[in-house]
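Participant: need a 3D model of the sequence below.
(chains A and B)
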Protein chains: 2
Amino acid sequence: MTERRITGNDIEQMDKRYRAAFINSLSGVKSANLIGTCQRRGYFENLAIVSSVVHIGAHPPLLGMIMRPHTVTRDTLENIQQTGIYTINHVSEAHTLAAHQTSARYPAQVSEFEAAGLTPWYADDFDAPFVKSCPVKLAMKLAEIIPVEINNTQLVIGEVTSVWIDDKAITATGQVDLDTLGVAAVTGLDTYHSLQRVGRYPYAKP
Amino acid sequence: MTERRITGNDIEQMDKRYRAAFINSLSGVKSANLIGTCQRRGYFENLAIVSSVVHIGAHPPLLGMIMRPHTVTRDTLENIQQTGIYTINHVSEAHTLAAHQTSARYPAQVSEFEAAGLTPWYADDFDAPFVKSCPVKLAMKLAEIIPVEINNTQLVIGEVTSVWIDDKAITATGQVDLDTLGVAAVTGLDTYHSLQRVGRYPYAKP
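Facilitator: Next comes the predicted model:
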């Protein structure tokens, strides 16, 4: 193999920012999601890019995300705890730069929607803001926050209560064609990608 | 908008398999990782594709994954609990079909390496099997298993103790070029993609 081995000790010796970029690359390809919250409908809106959204289960429909209490996502987490609701919005290829900009450390009173040039949109019966331009929009109801004590992070689990999506992208089997919707992927901390389909395979049998 | 709203009640009414495919699409683009385990070095090897690997933290370097005790990953989870070690291997575009095949329900005594035509490789000082052809190989030491009681799943957290990678793919800032390594992404339950870079952006500032 032409590969080099990087040991735990090598990782420990890395410069802090270098290590953050390196380790953030090791989980592989990630989703680029914008989390929309507010203090009350239309007021003190927050928008934060998150790459840790993960499938928890289909029935009930649950998604999780890892949040660090003391980072830029703090306002987001506080809003989720106080209102019990949030939105998950899939970033499209066309809006990766705007989405990335929401990771800047804005003061609490600044709306990242405005700062990044993204337009909020509200459903009649749901009081957290969606990102109008995102091709998949999920209304989420907080289900549980599980502390991950080993490094002081939290697994925030929510239930999908509504989905806004172009239904032409939903196949006969229920699978969503995220590539044709132009949904972007992220690797590491700063690199965004579009998807080229390699294959769709049948349910695997021995 | 041309979007349709799908409500929680619509989701509840879906056929079970359709709902599984639909909800598994909603977390967005995911990593395609092969988890390698064994009962002891070289014996009773197991290999399972997992799309729920998530970044937990960089210091210490921690990755999590969501596992369901009563599925095909059961042998994998038992091996992890008994040996305290496992490997995470990034699937490349060239091997997505073989990787997908590991999701079939083989009897416990069958090695998914053999069944899928993937070659195991061992490091001198680490007793869990890697997938030789994968461009990123991580040696993992179990750190903690956190029960997610809401749907009887588990968040399995491990520490990265070694990485095997072509170091030409590591940039000056520590970011790994997963796209040039040919690492694949997965969406939903059955669709695999290669990555086309849209942009790499500087650290965002207000």
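
Participant: what about stretch A:123-143, start to end distance?
Facilitator: Criterion Cα to Cα, to the nearest Å; first-to-last residue distance in stretch A:123-143 is 21 Å.

Participant: can you mark which positions in it are buried?
Facilitator: Buried positions in stretch A:123-143, judged by neighbour count with 16 or more other Cβ atoms under 10 Å in any protein chain shown: A:126-131, A:133-140, A:142-143. No exception for glycine: its C-beta is placed from N, CA and C like everyone else's.

Participant: of those residues, which are in range of chain B?
Facilitator: Among the buried residues of stretch A:123-143, the ones lying near chain B by Cβ under 8 Å from any Cβ of the partner chain are A:136-138, A:143.

Participant: so which of those residues are in strands?
Facilitator: A:136-138, A:143 (DSSP state E).

Participant: same list (these) but as TSV, adding distance to A:Asp179.
Facilitator: Putting those into TSV (distance: Cβ to Cβ, whole Å) gives the following:
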residue	distance to A:Asp179
A:Val136	12
A:Lys137	18
A:Leu138	18
A:Ala143	29
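
Participant: need the per-residue pLDDT for the most centrally placed residue in chain A.
Facilitator: For chain A, A:Asn33 is the residue whose C-alpha lies nearest the centre (Cα atoms, centre = their mean; 2.9 Å). We note a pLDDT of 98 for A:Asn33 in this prediction.

Participant: can you list phi and psi of it for me?
Facilitator: Backbone torsions of A:Asn33, given as degrees, to the nearest 10, read phi -120, psi 140.

Participant: if we take the buried residues of stretch A:123-143, which one ends up nearest to B:Leu118?
Facilitator: Taking Cβ to Cβ as the measure, A:Val136 is the one of the buried residues of stretch A:123-143 closest to B:Leu118, at 32.6 Å.

Participant: ok, and the closest non-adjacent residue to the closest one?
Facilitator: In space, and not counting its chain neighbours, A:Val136 is closest to A:His90: 3.9 Å by Cβ to Cβ, 6 or more residues apart in numbering or on different chains.

Participant: ok, A:Ile145 to A:Thr87 distance?
Facilitator: Plainly put, A:Ile145 is 17 Å away from A:Thr87 if you go by Cβ to Cβ, to the nearest Å.

Participant: when those two are compared, which one has more neighbours?
Facilitator: A:Thr87 (28 against 15; other Cβ atoms under 10 Å in any protein chain shown).

Participant: what about the spatially closest residue to the more buried one that is not a sequence neighbour, neighbour count?
Facilitator: Among residues not flanking A:Thr87 along the chain, A:Gly36 sits closest, at 4.0 Å (Cβ to Cβ, 6+ apart). By other Cβ under 10 Å, the residues close to A:Gly36 number 32.

Participant: what's the burial count for A:Val53?
Facilitator: The number of residues packed near A:Val53 is 26, by other Cβ under 10 Å.

Participant: as PDB, could you dump the C-alpha coordinates of the helix or strand bottoming out on mean pLDDT in chain A?
Facilitator: One helix or strand of chain A scores below all others by mean pLDDT, DSSP states H and E: helix A:74-83, with a mean of 92. The C-alpha trace of helix A:74-83 is given here as PDB (Å, rounded to 0.1, in the frame of the first residue of the first chain):
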ATOM      1  CA  ARG A  74     -25.600  27.800  21.100                       C
ATOM      2  CA  ASP A  75     -28.400  30.200  20.100                       C
ATOM      3  CA  THR A  76     -29.800  27.400  17.900                       C
ATOM      4  CA  LEU A  77     -29.700  24.900  20.800                       C
ATOM      5  CA  GLU A  78     -31.300  27.400  23.200                       C
ATOM      6  CA  ASN A  79     -34.100  28.200  20.800                       C
ATOM      7  CA  ILE A  80     -34.800  24.400  20.300                       C
ATOM      8  CA  GLN A  81     -34.900  23.900  24.100                       C
ATOM      9  CA  GLN A  82     -37.200  26.800  24.600                       C
ATOM     10  CA  THR A  83     -39.600  26.400  21.700                       C
END
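
Participant: now do the helix or strand just after it: everything it contacts.
Facilitator: Per DSSP states H and E, helix A:74-83 leads on to strand A:85-90 as the next helix or strand towards the C-terminus. Strand A:85-90 has contacts (Cβ atoms under 8 Å, 6 or more residues apart in numbering or on different chains) with A:31-37, A:53, A:63, A:76, A:79-80, A:126-131, A:134-142, A:158, A:178, A:181, A:183-184, B:26, B:28.

Participant: restricted to strands, list these.
Facilitator: A:31, A:33-37, A:63, A:126-131, A:136-142, A:158.

Participant: going along the chain, name the helices of chain A.
Facilitator: Secondary structure of chain A (DSSP state H): helices at A:8-13, A:16-26, A:74-83, A:96-101, A:112-116.

Participant: for the second one, buried residues please.
Facilitator: So that's helix A:16-26. The neighbour-count check on helix A:16-26 (16+ other Cβ under 10 Å) flags A:18-26 as buried.

Participant: ok, which of those also contact chain B?
Facilitator: Residues of the buried residues of helix A:16-26 in contact with chain B (Cβ under 8 Å from any Cβ): A:18-26.

Participant: save the residues you listed as CSV, and put in pLDDT and distance to B:Arg200 too.
Facilitator: Formatted as CSV, these follow (pLDDT from 0 to 100; distance: Cβ to Cβ, whole Å):
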residue, pLDDT, distance to B:Arg200
A:Tyr18, 97, 16
A:Arg19, 98, 18
A:Ala20, 96, 15
A:Ala21, 97, 11
A:Phe22, 98, 15
A:Ile23, 98, 17
A:Asn24, 97, 13
A:Ser25, 98, 12
A:Leu26, 98, 17
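
Participant: just send these back as a markdown table, with distance to A:Ala204 too.
Facilitator: As requested, those are exported to a markdown table (distance: Cβ to Cβ, whole Å):
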| residue | distance to A:Ala204 |
| --- | --- |
| A:Tyr18 | 39 |
| A:Arg19 | 37 |
| A:Ala20 | 36 |
| A:Ala21 | 35 |
| A:Phe22 | 33 |
| A:Ile23 | 31 |
| A:Asn24 | 30 |
| A:Ser25 | 28 |
| A:Leu26 | 26 |
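
Participant: no further queries at this time; thank you.
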